[in-house]
Structures are given as structure tokens and as C-alpha cells.
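**Q** Show me how the following folds:
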Amino acid sequence: MYKFTNPESGEIEEVKRERWAWGVTYEDGSIFVQFDDEGFFHRIGEVDMDRVKIFTMFKPENPTIRHDMVVTEDMKPFHKYRNIKLHYLPEFVKIYIFGYSKGKSGIHYNFILPDDRVIQSDTDNVELEKFEIHRGL
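**A** Sure thing, here's the model as predicted:
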């Protein structure tokens, strides 16, 4: 479990590590990750987006399994989760979403499915049922 200080209450909460986590490499080479080595959980809002050069999604149990996204000045990276309920599964499944917005050229989305496939799209409204999502690995 990782510790998180709730900014509203100031209370320390425990957070379970996710199957996928984000990390950033800043322009000076320093690294900031969602689940750090000191046992703390960080929110994406803590990232200094103006200094990000690489945005990464990786598997914490094996960081060599990763998706790196080079960030240019006109890109604004994002990360979020989506719990979806598909008609053919008895429970919700978690989809990890990351990508970037880029001025007038729009938004690019990457969806990491429960079986670790990555679907890319220029729209957030992807019919994920088409990809035969199952419970995962």
C-alpha cells in the first residue's frame, strides 16, 4: 500500500498500487512517478507539465513493459481511468487512458485494456466492446 495525503482533509490515506502507472521525465532528466520508492502515491495534478519531456505508462512489477510518449512544447499530456461495464462481463473492468491534447490539431487517446493491448484513437468515444475485452491477465 502507498500513502497519500488528502489535500482537502490533510489526512493520510492508503492507496493500492495499480496494474499500470504513469511516470514523467523532466527536461533536466529527473523522474517523477505515480508510486514512488518511498511508498507515496502522487496524483497527476502534481506533475509540472511545462517541464515534461517524456510521459510514460509502465507496469510497476516490470518497468521494462512500458509506453513512452515524447512530449513537445505544444502537447499537454493527460492520464485518467475509466471503469466500464460490458454487457457480457459480470463485473467492471478498468481501462487506463493516456494521451495528449495539441492545440487545434485535437486530442490523441491511448487506451490500455485489461489484457494490456493498447488501442489508439483521436476520439474518446471508442466502442471498446469491439475489441473483445475480457477480465485481463
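**Q** number of nearby residues for residue 99?
**A** 22 (other CB atoms under 10 Å). In short, each C-beta sits where N, CA and C put it, glycine included.
**Q** Residue 100 too?
**A** Neighbours around residue 100, by other CB under 10 Å: 18.
**Q** got a list of what it touches?
**A** 55, 69, 71, 75-78, 107-108 (CB atoms under 8 Å, 6 or more residues apart in numbering).
**Q** Save those as TSV, and put in neighbour count too.
**A** Listed next are these as TSV, based on neighbours: other CB atoms under 10 Å:
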residue	neighbour count
55	24
69	17
71	19
75	19
76	14
77	19
78	17
107	14
108	17
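**Q** So which of those belong to strands?
**A** 55, 69, 76-78, 107-108 (DSSP state E).
**Q** quick check, nearest of the residues you listed to residue 10?
**A** The closest of those to residue 10 turns out to be residue 78 (CB to CB; 26.7 Å).
**Q** And the pLDDT at the closest residue to that closest one other than its chain neighbours?
**A** Nearest residue to residue 78, sequence neighbours excluded (CB to CB, 6 or more residues apart in numbering): residue 99, at 6.2 Å. Confidence at residue 99, expressed as pLDDT, is 96.
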